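> The following block contains a protein sequence and its predicted model.
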Amino acid sequence: MAWCDRLQGDEGGKMVARGQVVGLLQRSGLMGKGEAPVRFAAGAASASEGGAHVSLEGDARLWQGERLVRADRLDYDR
């Protein structure tokens, strides 16, 4: 689930979201095991079909509970 200003997709199933991208990944663990969803925010995000791989760019953040990962670019493989 995600919210953004603009969303683009291609025939291969890749999705690219731009502008104030925020969302959450259900049933994902960030660091260790956890039941809470992993939330994310970035200037732009792209995902492979099914969301197995997510790339975040521009003040990229992933967090779960009080655990936070922040960088200019983050690549996340579930």
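Received it, and whenever you're ready, just let me know what you need.

> Please make it C-alpha for all contacts and neighbour counts, starting now.
Fine.

> And the helices in this protein, which stretches?
Under the criterion DSSP state H, the chain contains no helices.

> Count the residues that sit near Arg61.
Neighbour count for Arg61, taken as other CA atoms under 10 Å: 20.

> which residues touch the residue nearest to it when sequence neighbours are not counted?
Nearest-residue entry for Arg61: Arg70, 4.5 Å, with adjacent residues in sequence omitted and distances by CA to CA, 6 or more residues apart in numbering. Going by CA atoms under 8 Å, 6 or more residues apart in numbering, Arg70 touches Asp59, Ala60, Arg61, Leu62.

> I'd like the distance from Arg70 to Asp59, if you could.
7 Å (CA to CA, to the nearest Å).

> so Asp24 bridges to which residues?
If you look again at residue 24, you'll see it is Leu, not Asp. Arg39 (DSSP bridges).

> For burial, what's the neighbour tally of Arg67?
Neighbour count for Arg67, taken as other CA under 10 Å: 10.

> Tell me the spacing between it and Arg61.
Relative to Arg61, and taking CA to CA, Arg67 is found at 10 Å.
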